[in-house]
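[1] Just a sequence and a predicted model for now, questions to come.
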Amino acid sequence: MSGRYEYSEWSIHKIGEDISSVAAMAPTLAAGGVNIGQGVLGRLQAAATTLHAAYPMARLADRLLSGDCSEEEFIRRWDDEVGKLSAEGAE
């Protein structure tokens, strides 16, 4: 894989994971005097969900645009990987 974007799509995944971690630690943070309101917490969780969905999209775009996969493979993998995320979000 040549990585047109120098594999920087990984940072999308990392940011999503970091936000998820902070959101999960909200009760612990509150015990330490750092309060994250429900409105903010909900938005952080929405951001993490969006970033988790964006990561495979960016990775697949990187593969296509760097010439590492064909349009047919891109579409097949998009349907498999991104479609799976869409189905999980609908549940």
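    Nice, I can see it.
[2] Longest helix of this protein, counting residues only.
    Ranked by residue count under DSSP state H, the longest helix found in the chain is helix 38-65.
[3] Please state the offset of that helix from the chain centre?
    3 Å (Cα atoms, centre = their mean, to the nearest Å).
[4] just checking, what packs against whichever helix or strand comes after that helix?
    The first helix or strand that comes after helix 38-65 along the chain, using DSSP states H and E, is helix 71-90. The helices and strands touching helix 71-90, judged by 3 or more Cβ pairs under 8 Å, 6 or more residues apart in numbering; DSSP states H and E, are helix 38-65. Any C-beta I mention is one placed from the backbone N, CA and C, and that applies to glycine too.
[5] Buried residues of the helix it packs on, list them for me.
    44-45, 48, 51-56, 58-60, 62-64 (16 or more other Cβ atoms under 10 Å).
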